[in-house]
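In: The following block contains a protein sequence and its predicted model.
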Amino acid sequence: MNQSLSESESIKDKLASSLPLLLALLVMTIILLRGIGNSALGYADADRILMDGVFGINMWSSRLALLAFMYIGVTFWFLLIRRIYDNLTAFAATLLLITTPFIAKWGWYTMAELPVLSMAMISGYVFYRYTESDRPVYLYWTALLFGLACWTKQTAVFLFIWFLLYVISTGNLTAYLKRREVWIAVFIALVLLVPLGVVTLWLGEQNITPV
């Protein structure tokens, strides 16, 4: 009897803690699905760059692909803020994020900005889990997700700076550099990034040639 009551209370607690996230995701869904059938909202470069071909040739199917990325990224953003602070702060921070003009604007366009933002938030969460737990598996996942974020869009490489600044701010840089898993993670990241660098230099001449 006591065990069943305890399990019931545990389920209620989990539902209560998940409600703010579900509400935030609902608000985001409403924002990102505005005008989903309006092809006039497409970004001029989208058909030449990336996302128009995802999930089909229709504008609405491409925008659903963006929404899927954002569901995952925003969930990890919420979990990160809740882990650092509390549920209420996580809810407020998530609402602030998803209602910014940037999110509202780029939710219309089938471009890489929202997917790479989502990948950055996932990477940030996993990296923070490593710094608080010192479990190598989290650092390996960070390296993998960081590499995939860079493949989503090359500007994600600047995430490394924020990771480095955070480690420096904690005063643990020297200690981290002595850890075996750090250098394994660096190797994983390089394995993913070197081919990207080669492809960028090979096919991205127009973007790097001085005017």
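Out: Nice, thanks for sending it over. Given the structure is predicted, the values throughout are model-derived calculations rather than measurements.
In: what pLDDT does residue 174 get?
Out: Per-residue confidence at residue 174 stands at 94 (pLDDT).
In: May I ask which helix or strand encompasses it?
Out: helix 173-177 (DSSP states H and E).
In: Quick one: residues in contact with that helix.
Out: Applying CB atoms under 8 Å, 6 or more residues apart in numbering, the contact partners of helix 173-177 are 164, 167, 182. For the C-beta atoms, the positions are set from N, CA and C on the backbone; glycine is no exception.
In: nearest to residue 134, of the residues you listed?
Out: residue 182 (11.0 Å; CB to CB).
In: Share the number of residues neighbouring the nearest residue to that closest one once chain neighbours are set aside, please.
Out: Computed as CB to CB, 6 or more residues apart in numbering, the closest residue to residue 182 that is not its neighbour in sequence is residue 176, at 5.3 Å. When neighbours are defined as other CB atoms under 10 Å, residue 176 has 17 of them.
In: and the gap between residue 176 and residue 127?
Out: Distance, residue 176 to residue 127, by CB to CB, to the nearest Å: 12 Å.
In: could the contacts of helix 173-177 be laid out in TSV, adding neighbour count, distance to residue 68 and secondary structure?
Out: Shown next, in TSV, are the contacts of helix 173-177 (neighbours: other CB atoms under 10 Å; distance: CB to CB, whole Å; DSSP: H, G, I helix; E, B strand; the rest coil):
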residue	neighbour count	distance to residue 68	secondary structure
164	12	30	helix
167	18	31	helix
182	17	32	helix
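In: Can you list the low-confidence ranges for this protein?
Out: Within the chain, the ranges that satisfy pLDDT under 70 run 1-16, 39-54, 56-58, 204-211.
In: And the helices in it, which stretches?
Out: Ranges of helices within the chain are 2-32, 46-49, 59-84, 87-98, 101-106, 113-133, 136-152, 159-170, 173-177, 180-203, 205-208, based on DSSP state H.
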